[in-house]
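A.B. asks: 3D model of this:
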Amino acid sequence: MPTSVKLEADSELHPAPRRELQFAPAPPSNMTGKLGYGYAIPPDVVRKAIYAAFGDEKTDPQQVFSTFRWRCRKAISPTLDPKAPHFEVRRDIEEQDDETLCNFFVAIATNRARVLPPKEEVERLKVFLETDDEPQWCEIA
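C.D. replies: Sure thing, here's the model as predicted:
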């Protein structure tokens, strides 16, 4: 269960809207190294996004990755926030599939930076990934 903290405006001259920060839960004790908290990428979602962009045109692995990442980030935040979810390589999958990106993981937090994006962005990510699942911890490279 995520924990939260309220932030106050940093200055009377520059009042910022209050936002309650949400934090990812602590990772499981049996996981070590670099960890991401987020979502696996469903192969069908990748195929749909790439087909929408290229149709039946042949694509190379870089086009698949770049196009999917761009569409995902755009669906979450129209400003393409640099803090938007990161695409990480999973350590639990050794095979690389350039067409489905199954060896990648969409991390919304890590074991080093557990602050979660706003709830609205996480919900938009879930819609884009066509999932109702909650985020999970995953070992990443």
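A.B. asks: can you pull out the strands in this protein?
C.D. replies: Along the chain, the stretches classed as strands by DSSP state E are 3-6, 20-23, 35-40, 86-89, 104-110, 136-139.
A.B. asks: which residues outside whichever helix in the chain runs longest are in contact with it?
C.D. replies: Of all segments of type helix in the chain, defined using DSSP state H, the longest is helix 61-76. For helix 61-76, contacts defined as Cβ atoms under 8 Å, 6 or more residues apart in numbering pick out 41, 46, 49-50, 52-54, 59, 80-81, 84-85, 87, 98-99, 101, 104, 106, 117, 121, 124-125, 127-129. C-betas here are computed from N, CA, C, even on glycine.
A.B. asks: one step back: now tabulate the strands of the chain in TSV and tack on distance to residue 66 and mean neighbour count.
C.D. replies: Formatted as TSV, those follow (distance: least, Cβ to Cβ, whole Å; neighbours: other Cβ atoms under 10 Å):
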stretch	distance to residue 66	mean neighbour count
strand 3-6	34	10
strand 20-23	29	14
strand 35-40	19	23
strand 86-89	10	18
strand 104-110	12	23
strand 136-139	22	18
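A.B. asks: turn these into CSV, including distance to residue 29 and mean pLDDT.
C.D. replies: Listed next are the strands of the chain as CSV, based on distance: least, Cβ to Cβ, whole Å; pLDDT from 0 to 100:
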stretch, distance to residue 29, mean pLDDT
strand 3-6, 18, 59
strand 20-23, 17, 90
strand 35-40, 11, 97
strand 86-89, 21, 93
strand 104-110, 16, 95
strand 136-139, 11, 97
